[in-house]
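Visitor: Quick one: sequence plus predicted model below, questions after.
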Amino acid sequence: MYKACPFCGRAAHLFLLQSIITCLNPDCKLYKIEFTYDQWEKRPIEDDLQVRIAGLEMQNAWLNTEIAGLVLTAGCIDIYKTKNEILQARIAKLEDVLKRANDIAELWVCEGSWGEDERELLDILAFNQWKEEE
Ligand SMILES: [Zn+2]
């Protein structure tokens, strides 16, 4: 089997007796120009381009894989943003609770009453101080 015409892309015509190949498309630049089999088949520029195309196709496949990964990552970022918003709201509520507990504990300390409930609140206050040092 031999290659198609490099200009018009049609199947070339092989004259077996003369061992000549040519293109029989009258609209083609190679129309009836005679080539040996080796001349017809040897196309260094086309071969180089085929190698380059193969390389670019591999690169394209790799880039498509990378893009798919980036789309997945973008989806994960949206999920993490939502989770972050939920956690930030929860942290704000807990900080408000701690502030109120601190206020109550401060009042009890001032009154000099040290029951179990007050000790528990003082523990909360100690936790809050530890948290603020971080
Ligand atoms: Zn041709």
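Guide: Structure's in. What do you need?
Visitor: What mean pLDDT does the longest helix anywhere in the chain get?
Guide: Assignment by DSSP state H gives helix 44-111 as the longest helix of the chain. The average pLDDT for helix 44-111 rounds to 87.
Visitor: Give me the three-state assignment for residue 8.
Guide: Following DSSP: H, G, I helix; E, B strand; the rest coil, the label given to residue 8 is coil.
Visitor: Apart from its neighbours in sequence, what residue is nearest it?
Guide: Computed as C-beta to C-beta, 6 or more residues apart in numbering, the closest residue to residue 8 that is not its neighbour in sequence is residue 28, at 4.1 Å. For glycine as for every other residue, the C-beta is placed from the backbone atoms N, C-alpha and C.
Visitor: Tell me the predicted confidence for the one you found.
Guide: On pLDDT, residue 28 comes in at 96.
Visitor: Can you tell me the SS state at it?
Guide: Here residue 28 is recorded as coil under three-state DSSP.
Visitor: these two touch, right, it and residue 7?
Guide: Yes. Between residue 28 and residue 7 there is a contact under C-beta atoms under 8 Å: 5.2 Å.
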